[in-house]
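Undergrad: Got a predicted model here, sequence first, then my questions.
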There are 2 protein chains.
Amino acid sequence: MQGVTYSISQLAQEFDVTTRTIRFYEDQGLLEPQRDGQRRIYTRRDRVRLMLILRGKRIGLSLLEIRELFDLYDAASNDEPQLREFIRILSRKEQQLQEQLDDIRVVMGEISQIRSQCEKALGKQAASTP
Amino acid sequence: MQGVTYSISQLAQEFDVTTRTIRFYEDQGLLEPQRDGQRRIYTRRDRVRLMLILRGKRIGLSLLEIRELFDLYDAASNDEPQLREFIRILSRKEQQLQEQLDDIRVVMGEISQIRSQCEKALGKQAASTP
DNA sequence: ATTGACGTTGACGTAAACGTCAAGTTATTG
DNA sequence: CAATAACTTGACGTTTACGTCAACGTCAAT
């Protein structure tokens, strides 16, 4: 009835975070594993959540923002205004990401230029970016 | 002989940061304005540096990393190994940015999908992302 | 029964990037 | 000359995202 489960250190190893980190995410309301006595037991759902948390972090979301998205997503199935709010937040974040992406493009262009100049200053080397 | 200069609050206003922030950057060795008595005087070069700091921050560099780049760039004109090191760091950062950019693309794709689903769940609305 | 691996809670520490006073200096302007 | 504005240093506070350590529980293997 319960399918695959994981221990805290299994997840920690798989995703290359410490157990402290995983417990901290639970403190922040991002994970709610079941218990076997004292010990935490993580289901596939918890594992997916952890993946989402880490991906969220990689794109610059704070843990609080991630939590808000989780809460909204959990509540969204029932309530129409919730769904609308969810869409609104996603749109906003999509726009922020787009701006960030533009920033990155600009800087990468500049880096290429500077590098070309450096390599020219050193003479000899090819100029085009690998 | 000195061209245009700026006060701390002029720069703060122009770039929408606090004076505290600008002084903090100086503490961290990122800016070295001249003084008129006690007061800081910022040249065009300082202004450019501040721009670079803020842009660096936008793409996710720490102040420490920004400082290292400044130091390298300042020293690079003379020394060939320094130039090579500079190129190495820039390449590494370029790669990091590329990965971050890929992450962002993935998440934006997922956001589009989730949003479509939400809108489908609400019925009626158009499905394609603006 | 003890050792070792793994897990638990709780409290305190830390680094980055500033914010927030406090208390004083300098310049200018009415 | 006194008030006001703009600036200074210095010290302490704050938030986020964990790290570190202590002290203890639990279970399997020796």
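TA: Cool, got the structure. Keep in mind that this is a model prediction, so the values were computed, not measured.
Undergrad: Next SSE downstream of the longest strand along chain A?
TA: Determined from DSSP state E, the single longest strand within chain A is strand A:39-43. With elements assigned by DSSP states H and E, the helix or strand that comes after strand A:39-43 is helix A:44-58.
Undergrad: Tell me the helices and strands packed up against that following helix.
TA: With contacts defined as 3 or more Cβ pairs under 8 Å, 6 or more residues apart in numbering or on different chains; DSSP states H and E, the packing partners of helix A:44-58 are helix A:8-15, helix A:19-27, helix A:63-76, helix B:80-122. In short, each C-beta sits where N, CA and C put it, glycine included.
Undergrad: at 6 Å instead, please
TA: Packing contacts for helix A:44-58, counted by 3 or more Cβ pairs under 6 Å, 6 or more residues apart in numbering or on different chains; DSSP states H and E, involve no helix or strand.
Undergrad: In chain A, what helix or strand scores lowest on average pLDDT?
TA: Least confident helix or strand, chain A: helix A:80-122 with a mean of 77, by mean pLDDT, DSSP states H and E.
Undergrad: tell me the angle of that one relative to helix B:80-122?
TA: Helix A:80-122 and helix B:80-122 are oriented at 160 degrees to each other (axes from the mean of the first three to the mean of the last three Cα atoms, to 10 degrees).
Undergrad: Could you confirm A:Arg35 falls within a helix?
TA: No. Applying DSSP: H, G, I helix; E, B strand; the rest coil, one finds A:Arg35 to be strand, outside a helix.
Undergrad: what is it paired to in the beta sheet?
TA: A:Arg40 (DSSP bridges).
Undergrad: Number of residues surrounding it?
TA: Residues lying near A:Arg35 (other Cβ atoms under 10 Å in any protein chain shown) number 8.
Undergrad: can you check A:Leu83 too?
TA: A count of nearby residues for A:Leu83, using other Cβ under 10 Å, gives 20.
Undergrad: Settle this for me: it is touching B:Cys118, isn't it.
TA: Yes. Here A:Leu83 reaches B:Cys118: they are 5.2 Å apart, a contact under Cβ atoms under 6 Å.
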